[in-house]
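Chemist: I would like the atomic coordinates for the input below:
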Amino acid sequence: MFKIDRLRFGTAGIPLSTPKPSTITGIEQVRQLGLDAMELEFVRGINIKPELAKKIKHVAKKLDVVLTAHAPYYINLNAKEKGKVEASKRRIIQSAERLYEAGGWSLVFHAGYYLKQPSEQVYKNIRSALEDIVEELKSRGIKVWIRPELTGKPTQFGDLRELIKLSQEVDMVLPAIDFAHAHARNRGRCNSEEEWREMLTLIENELGREALKNMHIHISGIEYGEKGEKRHINLQESDLKWEDLLRILKEFNVKGVVISESPNIEGDAILMKKKWEELKV
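Modeler: Numbering: from 1, shown residues only. Got it, this is the predicted structure:
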């Protein structure tokens, strides 16, 4: 996996303002907007063929845009049916393969659901599936970060400590930290400088400084209730103290990629990048 030189900002998918939208014109528009990252959205299926991936790699490299990807939503590494687990593993492997062919860096996905099972057993099931995935990727020379995501509902696997433990125990794995999800999962907490310092200190203590130099982050506004996440909204419509969050990321000298998942994807990505550049720590 290549190193990221700074904290980069980008969009979850092709910017809405892209003329004649395609992955390639999306990357060009990202650069035009002054952004420097883009997440390929495989959420409804892996819609890029190998030949196109090679062209994407060339354009992204030429324009200095770092690519990440979001694997399909239809993933549950803790499904009760073995066939569903195997299909989930295949989707992650195929997503990683296509991202790697496109010259990408990091693959994010929702790992699974607890399904009212003991959390220890769920953890073991998901770890075992991830070990299989990583073994397969290594055997094929595919090198991208595999990132189970911090999820927005308590029914979904993926609190910070679980993700840290997976990262300690499985090679090529690091957490994807969705700060909006952390806020929603905890019903409005995880929204203060003190709490964010605690999260980043935990990551650094458990996974080392390298983890903070290789962060895959999602930030958006979020609407939530008693059961956690309801939907993503724009930053300025939400109660997420995103400017304070950026200040803490700067304090910890975080590097990697911040992807905007707000409905106005490029609007909030530009807003965050501008704020980041203004910050003095």
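
Chemist: who touches residue 20 in this structure?
Modeler: Under the criterion of CB atoms under 8 Å, 6 or more residues apart in numbering, residue 20 has no contact partners. No exception for glycine: its C-beta is placed from N, CA and C like everyone else's.

Chemist: Then the one 3 residues further on?
Modeler: The contact partners of residue 23, by CB under 8 Å, 6+ apart, come to 14, 40, 48, 52, 56.

Chemist: residue ranges of the helices in the chain, please?
Modeler: Ranges of helices within the chain are 23-32, 50-63, 82-101, 119-139, 160-169, 179-185, 193-207, 209-212, 242-251, 265-278, based on DSSP state H.

Chemist: sorry, back to before: could you identify the most distant pair in the contacts of residue 23?
Modeler: Across the contacts of residue 23, the longest distance by CB to CB is 13.6 Å; it joins 14 and 52.

Chemist: Can you give me the neighbour number for the closest residue in space to residue 244 that isn't next to it in sequence?
Modeler: Closest residue to residue 244 apart from its sequence neighbours, by CB to CB, 6 or more residues apart in numbering: residue 193 at 5.4 Å. For residue 193, the neighbour count with other CB atoms under 10 Å is 13.

Chemist: how much space is there between residue 193 and residue 183?
Modeler: 13 Å (CB to CB, to the nearest Å).

Chemist: Equivalent analysis for residue 51, please.
Modeler: Counting by CB to CB, the separation of residue 51 from residue 183 is 41 Å.

Chemist: Same drill for the two, tell me which one is more crowded.
Modeler: Set side by side, residue 51 and residue 183 give different neighbour counts by other CB under 10 Å, the larger being at residue 183 (27 against 9).

Chemist: okay but that one is in contact with residue 240, surely?
Modeler: Yes. Under the contact definition of CB atoms under 8 Å, residue 183 touches residue 240, with a separation of 5.7 Å.

Chemist: what residues do the two have in common as contacts?
Modeler: 191, 222.

Chemist: how much space between residue 36 and residue 103?
Modeler: With the distance defined as CB to CB, residue 36 ends up 14 Å from residue 103.

Chemist: excluding its backbone neighbours, what's nearest residue 228?
Modeler: The spatially closest residue to residue 228, leaving aside those adjacent along the chain, is residue 153, at 3.6 Å (CB to CB, 6+ apart).

Chemist: In terms of pLDDT, where does that neighbour sit?
Modeler: Model confidence at residue 153, expressed as pLDDT, equals 96.

Chemist: isn't it right up against residue 186?
Modeler: No. Using CB under 8 Å, residue 153 is not in contact with residue 186, being 10.9 Å away.

Chemist: Residue 18: what's it in contact with?
Modeler: Listed by CB under 8 Å, 6+ apart, the contact partners of residue 18 are 25-26, 28-29.

Chemist: no wait, residue 181
Modeler: Contact criterion CB under 8 Å, 6+ apart gives 149-152, 218, 222, 229 as the residues in contact with residue 181.
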